[in-house]
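>>> show me how the following folds:
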Amino acid sequence: MAGALAAALEFGRLEEVHSTGLAALLPQVLEQFDQITNMVAQAFFRTEGYSKISVSSEAVPKSQVSQLQEN
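Numbers count the residues shown, from 1 in each chain. Below is the predicted model of the structure:
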């Protein structure tokens with residue numbers, strides 16, 4: 001899972017980000033980070049992991065989204 005995320009971030013095309021939208025892409029990336037964190041916690045610390053992070057598309061203020069899209 002970590003390798004797939006790293007490859008997607010390294011080899012992903014900017015056009016894909018623009019077509020998907022940054023506000024839609026960031027919650028997906030954060031969800032994958034959360035899953036990886038839970039897997040590491042379970043494998044190495046023998047814990048149940050951390051609670052699932054709830055990320056909505058409103059997590060990034062619209063003013064910042066428009067600024068990022070302009071750049």
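>>> need the CA coordinates for the host helix or strand of Ser19. CSV is fine.
Assigned by DSSP states H and E, Ser19 belongs to helix 14-20. Taking C-alpha atoms only, helix 14-20 is exported to CSV below (Å, rounded to 0.1, in the frame of the first residue of the first chain):
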residue,chain,number,x,y,z
LEU,A,14,-0.5,17.1,-13.0
GLU,A,15,-3.3,16.9,-15.5
GLU,A,16,-4.9,14.1,-13.3
VAL,A,17,-4.8,16.4,-10.3
HIS,A,18,-6.4,19.2,-12.2
SER,A,19,-9.1,17.0,-13.6
THR,A,20,-9.9,15.3,-10.3
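>>> could you point out which element follows that helix?
Following helix 14-20 in sequence order, the next helix or strand is helix 22-44 (DSSP H and E).
>>> tell me which other helices or strands that following helix touches.
Secondary-structure packing of helix 22-44 (3 or more Cβ pairs under 8 Å, 6 or more residues apart in numbering; DSSP states H and E): helix 2-11, helix 62-70. C-betas here are computed from N, CA, C, even on glycine.
>>> pLDDT weak spots in the chain?
The model of the chain has pLDDT under 70 over residues 49-71.
>>> pretty sure Met1 is touching Glu31, no?
No - with contacts counted by Cβ atoms under 8 Å, Met1 stays clear of Glu31, the gap being 11.1 Å.
>>> using the three-state scheme, assign Glu48.
Under DSSP: H, G, I helix; E, B strand; the rest coil, Glu48 falls in the coil class.
>>> count the neighbours of it for me.
9 (other Cβ atoms under 10 Å).
>>> over to Ser19?
For Ser19, the number of neighbouring residues by other Cβ under 10 Å comes to 10.
>>> what do you get for Ala8?
For Ala8, using other Cβ under 10 Å, the count is 14.
>>> what do you get for Leu22?
A total of 14 residues lie near Leu22 under the criterion other Cβ under 10 Å.
>>> how close does it sit to Val40?
26 Å (Cβ to Cβ, to the nearest Å).
>>> Met1 and Glu31: which has the busier surroundings?
Set side by side, Met1 and Glu31 show more neighbours around Glu31, with 14 against 9, by other Cβ under 10 Å.
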